[in-house]
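Student: output the structure for:
(chains A and B)
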There are 2 protein chains.
Amino acid sequence: MNPLLVTVGEPAGIGPDCVLRLHAEHPDSMRTCVIAAPAGWLRARARDIGMHVDVVEHTDLAGLAASSASTLRCWNPLDAGAVTAPVTAGTPSAATARAVIGCIRAAAEACMDGSAAAMITGPIEKAVLKDAGFPFPGHTEYLAHLAGDSPFVMMLASGEVRVALLTTHMAIAEVPATLSSPATLQCLRIVAHDLRSRFGIGQPSIGLCALNPHAGEQGHFGDEEIRILAPAAERARTEGLDVAGPLPADTIFSAPMRRRFDAVVCCYHDQGLIPIKALSFGEAVNITLGLPFVRTSVDHGTALERAGSDKVSYSSLQTAIAMARRMA
Amino acid sequence: MNPLLVTVGEPAGIGPDCVLRLHAEHPDSMRTCVIAAPAGWLRARARDIGMHVDVVEHTDLAGLAASSASTLRCWNPLDAGAVTAPVTAGTPSAATARAVIGCIRAAAEACMDGSAAAMITGPIEKAVLKDAGFPFPGHTEYLAHLAGDSPFVMMLASGEVRVALLTTHMAIAEVPATLSSPATLQCLRIVAHDLRSRFGIGQPSIGLCALNPHAGEQGHFGDEEIRILAPAAERARTEGLDVAGPLPADTIFSAPMRRRFDAVVCCYHDQGLIPIKALSFGEAVNITLGLPFVRTSVDHGTALERAGSDKVSYSSLQTAIAMARRMA
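Tutor: A predicted model of the protein is given here:
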């Protein structure tokens, strides 16, 4: 199996801590993993937290063996001349923004050219990247761009539920006008396709969430169900997909109902993230569907105030790696 | 203790089933309860489901003893001449709409004049009441009107979490423009007041949910946090209330964070109802705060297709009665 590439995201955040602590405490979780980052980021953080670990840096991914229990292998894909400024735990710097982006791009390209099996991304500091000229709202949009503007779907998955999102990082006020039947249909198709191809579910059952409370009660409060969501669901059913809904969002996540679906497609970010984090905090994995490669991500942010401290949980990274390995 | 009045809501729905089955299986749960309904509604449903129960009808509430294990006591508050058309399980009729509303009004008035200790409401069929000229979106707004247009807050409570809503049955598209700092502050005050007076919590801790994903990320997607929610929270804090937020809605309901709050104030219906139903389906109680009396409600609808069948769960009614008894 080709290596699973892990990006640490913002090096001043807890991404390096998660990698180091997971490697130290559960080395088996990281078999087949290579960290796509300058070794210096990990060595510096290891010093900060008083951890002794052998971090080896390679500049060539081909033929690179994965980490052993004693050695953490880094693949530094950055140009030899690329300045990688020193990193201070807890203090993101514009000086490392290009390096952060370069590692993500290199990992995606390695997945696409077949030299890596999948990528797992740590948390980035969006404001810092934005100030450095990064024009994407987040990882997911950037990876879709690198894959040739591939249509994509953000999914979060845990043992309790899988949710997929029709819209992501957008003001609630903009959500209703952004929803459309074609985009809903495309999302349903991608989710159904990837549940088959990446999760091995023969005939996946998908629930579609309504936008409005009580699914709008036949148009009494909101008609997006009638105008947009129901026609898309109906069209998906004529294509042979097993889609139920639009169903009221507050009941679709109740225990008896959520178990009927392999995934629930949600209209907006919090509609999906509220229930999965309520039910499975620290165990949810962010998965990008629709890409030509497997990409999973942690479900937490950079937690700058905890970087370099002992208050870091690597459970989300551990589950993201395990999920990527299964999907690959 | 004065009686706890239970209204069955739509008589063609599962309200009567819940009362009959709870009385039969857990009579102790219904001690001190009187059903504010024509006895005929319960007798007919008892026949439908083959249950033998002694249903006694009184027309005067004063001095009425509560139900015993063998007898189910009804208080019929309707005028002697009020037509109460026959009820067919599963088929709501406009002919009973006025009687449904009359029972609710009579129960509320009995609470306000001190002859009842609290009221517990079963599910109504809103479309039928609306067609019959009922100008309120639901129970809660009607009760607030009866109480002299009292400002009110809808709360749902379970063992896991209590949520209070800034807006209720409204299209998502209308929510952003409906939120305001004064209404948010008023809600925070009512929640804090009633957590003290009805729940006996000395200094309640309240979390305020953001409207937008990631709380808008400093205005990057949505500025309602900056313009509306944060100023209201700040003002509440200057009044001595323990209010945190606005905080991202997807993390506030995660296990570690929700335990820090006695209640979470939410911007819209599904923001609060998704997590409580995901965590506590069938155990959540709907409570109206701000009224001059105690009112709780079941957390389910009329479930017309199950009325008169054996697929009826009374657990929500049972917890709503228990909650009303504790609060009263």
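
Student: per-residue pLDDT of the residue in the stretch 201-328 of chain A that chain B sits nearest to, please?
Tutor: For the stretch 201-328 of chain A and chain B, the shortest gap (CB to the nearest CB) falls at residue A:222, measuring 3.2 Å. To be clear about C-beta, it is placed using only N, CA and C from the backbone, and glycine gets the same treatment. According to the per-residue confidence, residue A:222 scores 96 in pLDDT.

Student: in what helix or strand does it lie?
Tutor: Counting by DSSP states H and E, there is no helix or strand that carries residue A:222.

Student: correct me, but it touches residue B:172?
Tutor: Yes. Here residue A:222 lies in contact with residue B:172, judged by CB atoms under 8 Å, at a distance of 6.2 Å.

Student: okay, and the common contacts of the two?
Tutor: A:176, A:211, A:212 (CB atoms under 8 Å, 6 or more residues apart in numbering or on different chains).

Student: need the helices for the stretch 101-250 of chain A, in chain order.
Tutor: With DSSP state H, counting those that start in this stretch as the criterion, the stretch 101-250 of chain A has helices at A:126-131, A:139-146, A:175-178, A:181-197, A:224, A:230-238, A:249-252.

Student: which positions in stretch A:17-30 come out as buried?
Tutor: Judged by neighbour count (16 or more other CB atoms under 10 Å in any protein chain shown), stretch A:17-30 contains these buried residues: A:17, A:18, A:19, A:20, A:21, A:22, A:23, A:24, A:27, A:29, A:30.

Student: run the chain-centre distance for the lowest-mean-pLDDT helix or strand in chain A.
Tutor: Of all the helices and strands that make up chain A, the one with the lowest confidence by mean pLDDT, DSSP states H and E is helix A:126-131; it has a mean of 89. Taking CA atoms, centre = their mean, to the nearest Å, one finds helix A:126-131 lying 18 Å from the centre of the chain it belongs to.

Student: same question, stretch A:183-195
Tutor: Using CA atoms, centre = their mean, we find the averaged C-alpha position of stretch A:183-195 to lie 17 Å away from the chain's own average C-alpha position.

Student: do the same with stretch A:236-249
Tutor: Using CA atoms, centre = their mean, the mean C-alpha position of stretch A:236-249 is found 25 Å from that of the whole chain.

Student: in that stretch, which residues are buried?
Tutor: By neighbour count on 16+ other CB under 10 Å, the buried set for stretch A:236-249 is A:236, A:241, A:243, A:244, A:245, A:246, A:247, A:248, A:249.

Student: and the fourth one, what are its bridge partners?
Tutor: Put plainly, it is residue A:244. With DSSP bridges applied, the residues forming beta bridges to residue A:244 are residue A:207.

Student: touching, it and residue A:209? I think so.
Tutor: No. Shown here, residue A:244 and residue A:209 do not form a contact pair, counting by CB under 8 Å, at 10.5 Å.

Student: interface residues of the stretch 101-250 of chain A facing chain B?
Tutor: Taking CB under 8 Å from any CB of the partner chain as the contact definition, the stretch 101-250 of chain A meets chain B at A:126-127, A:168-177, A:211-214, A:216-218, A:220-224, A:249-250.

Student: phi, psi of the residue with the largest distance to the centre of chain A?
Tutor: What lies farthest from the middle of chain A is residue A:220; by CA atoms, centre = their mean that is 36.3 Å. Backbone torsions for residue A:220, taken as degrees, to the nearest 10, come to phi -70, psi -40.

Student: quick one, what contacts it?
Tutor: residue B:169.
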